[in-house]
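**Student:** Structure for the following, please:
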Amino acid sequence: MDDLIRKVYRHPSIHVSHDATITDVSGYVGNFVTKVISEGRTREILHAPPF
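**Tutor:** Model prediction:
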């Protein structure tokens, strides 16, 4: 399990947030944005296919 956890944390396409709260989701299937508050910061995460 430790090896899997290391792989997740090192993967360039995976971002791990602790004590995070999703505050908003907008867009449509396949192309949307999630607003997350974590560690006192608000981040917008874009979920879209690479073009």
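**Student:** Report the rounded mean pLDDT for stretch 7-26.
**Tutor:** Stretch 7-26 comes out with an average pLDDT of 94.
**Student:** And that stretch, what's buried?
**Tutor:** For stretch 7-26, the neighbour count (16 or more other Cβ atoms under 10 Å) marks no residue as buried. Quick note: C-beta positions are derived from backbone N, CA and C, even for glycine.
**Student:** what's the first-to-last distance across that stretch?
**Tutor:** End-to-end span of stretch 7-26 (Cα to Cα, to the nearest Å): 30 Å.
**Student:** which outside residues touch it?
**Tutor:** Stretch 7-26 is contacted by residues F32, V33, T34, K35, V36, I37, S38, E39, T42, R43, I45 when judged by Cβ atoms under 8 Å, 6 or more residues apart in numbering.
**Student:** in the chain, which spans are helices?
**Tutor:** For the chain, the helices defined by DSSP state H occupy 2-10.
**Student:** For it, which segments count as strands?
**Tutor:** Under the criterion DSSP state E, strands of the chain are mapped to 21-28, 31-38, 41-47.
**Student:** The shortest one vs strand 31-38, what angle?
**Tutor:** Between the direction of strand 41-47 and that of strand 31-38, the angle (axes from the mean of the first three to the mean of the last three Cα atoms, to 10 degrees) works out to 160 degrees.
**Student:** Okay then, goodbye and thanks.
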